[in-house]
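>>> everything below, folded, please.
(2 chains)
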2 protein chains.
Amino acid sequence: MTEGFDPWDEIAIIGIGLQGASIAINARERGLAKRVVVGDISKTNRERALELGLCDYATADLADAVKNADCIFISVPLGAMASVGQEIGAALKSGSIVTDTGSTKQSVIKDLGSYIPSDVHFVPAHPIAGTEYSGPDAGFLTLFQDRWLIITPPPGTDNNALNRVRNFWEACGSMIEIMEPAHHDQVLAVTSHLPHLIAFAIVGTASDLEDHLMQEVVKFSASGFRDFTRIAASDPVMWRDVFLNNKDALLECSARLSEDLARLSRAIRWGEGEQIESLILRAREIRQALIEAKQV
Amino acid sequence: MTEGFDPWDEIAIIGIGLQGASIAINARERGLAKRVVVGDISKTNRERALELGLCDYATADLADAVKNADCIFISVPLGAMASVGQEIGAALKSGSIVTDTGSTKQSVIKDLGSYIPSDVHFVPAHPIAGTEYSGPDAGFLTLFQDRWLIITPPPGTDNNALNRVRNFWEACGSMIEIMEPAHHDQVLAVTSHLPHLIAFAIVGTASDLEDHLMQEVVKFSASGFRDFTRIAASDPVMWRDVFLNNKDALLECSARLSEDLARLSRAIRWGEGEQIESLILRAREIRQALIEAKQV
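Got it, this is the predicted structure:
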């Protein structure tokens, strides 16, 4: 936790969902910005943000939202990054910092980065924190507390700008990691995107069941299935865009998983008990590694 | 919760793992049996059961364990059901009740049922309760509290015996459901066996990654992957046997899941955003059904 973060005079948050609202709450409650402006195309979200006291001013005009901001947090679905870049690019104040919360980094650098003028600093970042809830009401102060925040600076990123972003997130309680954008996308494909993909698939598979079976699946869901439905309850547009924007790494992971699932199914079909057991044991070892790394 | 369950004079618990130990703790702390005998082929488990005060007597001789018991709880991996039946069949007391905690019911009825003499009552049951821990030390009093207990009586099951088993479990805090054995196996394939299968597969997929990537998967596991490792930490022998003993229903589910995963992967590859979104939304509806059924 950084003591005494020198607050920004004004920040803009583009997209006031779970992450944007949590950034606003942190900025206000921890005194990290003197003024918070929200840019959001949704009237409902803007009105709710003002009602909740998340910001001083909210507008649908994104250029208007960013024009006086020292730091701009872009927290929109990945598919909207390019259009947001196009709208705000010319309005950005010289010397300001643009950062984001997107779940894939190569796509953000490509889609958003090209609209950032040379006198504005771009520091792509990804807070590894979330819940299955979405919208401005989902935000809370401790969302980022003790969670990783990965910064993926493109070559030539300004060091002072990077440190300002780092210090902001440290003040929110995050642990910081610096990573290559491509490597970030590969790691997150395994730890986050594939688990979500499979959760959506398995819950979808269940929803195709005959009605009477489905009712009992719901009733007896506590035996494992329920954990998947929690993951699968996450925001559809956000996840659609994550999948589309990390396609290569995700399809590679998904292909590997299909092979492993086929091998396991085959072993079950042919009663190969020893092979099944050794595949299960292998999974157990990873759990052990997590426990040793204090990740559980 | 049944008031005043008329306690059995003696019960035997064959297999003193997570479930067996939790049954013992319930029997003793709630006064459901005057004497508890444990039969277990593992010396370590027997010694630990005595140390923990789970039973009055423990033996490796299963026939000896059951000979005076009014009710016998068989809580061994599914692959051991037949051999346990063979060992105890002739020693069972006339009028006693044999029940079990197996996760698949058709296989238990086939493997164990054939060894139960005609003057002994057989009431197959499945407590839908567990943790990722195993062994006698894993047992605890509230494991079955507010959890489902499914009884799958074969045709001609004695009603009094069924009610005694039902009342025992009600006294442990369980909610009771009576179900056809085949239907049970189908429901559990979806709610429990498939989620475990996929968790083992996905964690196994991750464990094949290059070392440097693997370390970061562990480090950043909080983003979804961690939930899978918890499921995948479950007992290997127990799960091997579940998969082998519910093969048909499980392979059918697994095939459906593979199709759904292939469809989702294909939509990602070809950038079919609308289809991805509608598949995600479908998964969300199931979560809603769970919330309405108060299962979350």
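>>> can you show me the helices along the stretch 151-296 of chain A?
With helices called from DSSP state H, counting those that start in this stretch, the stretch 151-296 of chain A shows them at A:159-171, A:181-188, A:194-207, A:211-219, A:225-232, A:236-245, A:247-269, A:273-292.
>>> and among these, the most buried is which?
Across these, averaging neighbours per residue (mean count of other Cβ atoms under 10 Å in any protein chain shown) puts helix A:194-207 on top, at a mean of 26. C-beta coordinates here come from the backbone N, C-alpha and C atoms, glycine included.
>>> ok, and what's touching stretch A:214-231?
A:132, A:195-196, A:198-199, A:202-203, A:206-207, A:209, B:128, B:130, B:147-148, B:150, B:177, B:183, B:187-188, B:190-192, B:194-196, B:199, B:224, B:227, B:230-231, B:283, B:286-287, B:289-290, B:293, B:295-296 (Cβ atoms under 8 Å, 6 or more residues apart in numbering or on different chains).
>>> and the gap between residue A:167 and residue B:47?
For residue A:167, the distance to residue B:47 equals 56 Å [Cβ to Cβ, to the nearest Å].
>>> over to residue A:131?
Taken as Cβ to Cβ, the span from residue A:131 to residue B:47 is 45 Å.
>>> what does residue A:63 give?
74 Å.
>>> what does residue A:44 give?
From residue A:44 to residue B:47 the distance is 64 Å (Cβ to Cβ).
>>> which of those two has more neighbours?
residue B:47 (13 against 10; other Cβ atoms under 10 Å in any protein chain shown).
>>> tell me what the helix or strand containing that one is packed against?
Per DSSP states H and E, residue B:47 falls inside helix B:43-51. Other helices and strands packing on helix B:43-51, by 3 or more Cβ pairs under 8 Å, 6 or more residues apart in numbering or on different chains; DSSP states H and E, are strand B:57-59.
>>> which residues touch stretch A:40-54?
A:14-17, A:20-21, A:24-25, A:28, A:36, A:38, A:55, A:58-60, A:62, A:135-137, A:139.
>>> list the ones among those residues that fall in helices.
A:20, A:21, A:24, A:25, A:28, A:62 (DSSP state H).
>>> nearest to residue B:114 among these?
Nearest to residue B:114, judged by Cβ to Cβ, of those is residue A:21 at 61.8 Å.
>>> so who does the closest one touch?
A:49, A:52, A:54, A:135, A:136, A:137, A:138, A:139.
>>> excluding sequence neighbours, find me the nearest residue to it.
Closest residue to residue A:21 apart from its sequence neighbours, by Cβ to Cβ, 6 or more residues apart in numbering or on different chains: residue A:139 at 2.6 Å.
>>> do I have it right that the one you found meets residue A:28?
No: under the criterion of Cβ atoms under 8 Å, residue A:139 is not in contact with residue A:28, lying 10.9 Å apart.
>>> so these two - more neighbours on which side?
More neighbours surround residue A:139 than the other of residue A:139 and residue A:28, with 24 against 18 (other Cβ under 10 Å).
>>> just to revisit the earlier point, lowest pLDDT pick from the contacts of residue A:21?
Lowest in pLDDT among the contacts of residue A:21 is residue A:135, which has 93.
>>> how close does that one sit to residue B:154?
51 Å.
>>> what of residue A:141?
In this view, residue A:141 and residue B:154 are 57 Å apart by Cβ to Cβ.
>>> what about the stretch 101-250 of chain A, any weak spots by pLDDT?
A:223 (pLDDT under 70).
>>> make it 80
Within the stretch 101-250 of chain A, the stretches with pLDDT under 80 are A:222-224.
>>> assumed residue A:146 was part of a helix.
No: under DSSP: H, G, I helix; E, B strand; the rest coil, residue A:146 sits outside any helix and is assigned coil.
>>> wait, it touches residue A:173, no?
Yes: taking contacts as Cβ under 8 Å, residue A:146 lies within contact range of residue A:173: 6.1 Å.
>>> between these two, tell me which one has more neighbours.
residue A:173 (18 against 10).
>>> right, and the more buried one touches residue A:143 too?
No: using Cβ under 8 Å, residue A:173 makes no contact with residue A:143, being 9.1 Å away.
>>> shared neighbours of these two, which are they?
Counting by Cβ under 8 Å, 6+ apart, nothing touches both residue A:173 and residue A:143.
>>> nearest the geometric middle of chain A, what residue?
Centroid-nearest residue in chain A, with Cα atoms, centre = their mean: residue A:103, separated by 4.1 Å.
>>> ok, that one - contacts?
Applying Cβ under 8 Å, 6+ apart, the residues contacting residue A:103 are A:78, A:126, A:188, A:192, A:193, A:238, A:242, A:246.
>>> how about the strands in the stretch 51-200 of chain A?
A:57-59, A:71-74, A:97-100, A:121-123, A:125-127, A:148-151, A:175-178 (DSSP state E, counting those that start in this stretch).
>>> and chain B, which of those is closest to it?
When the strands of the stretch 51-200 of chain A are compared by Cβ to the nearest Cβ, strand A:148-151 sits nearest chain B, at 5.9 Å.
>>> ok, and what's touching the closest one?
Contact with strand A:148-151 is made by A:105, A:123-129, A:162, A:165-166, A:169, A:172, A:174-179, A:184, B:219-220, B:222, as judged by Cβ under 8 Å, 6+ apart.
>>> do stretch A:248-265 as well
The contact list for stretch A:248-265, computed with Cβ under 8 Å, 6+ apart, reads A:185-186, A:188-190, A:193-194, A:197-198, A:243, A:276, A:279, B:197-198, B:200-202, B:204-205, B:208, B:251, B:254-255, B:257-258, B:261-262, B:265, B:268-269.
>>> what do you get if the cut-off is 6 Å, keeping everything else the same?
Counting by Cβ atoms under 6 Å, 6 or more residues apart in numbering or on different chains, stretch A:248-265 makes contact with A:185-186, A:189-190, A:193-194, A:279, B:201-202, B:204-205, B:251, B:254, B:265, B:269, all of which sit outside it.
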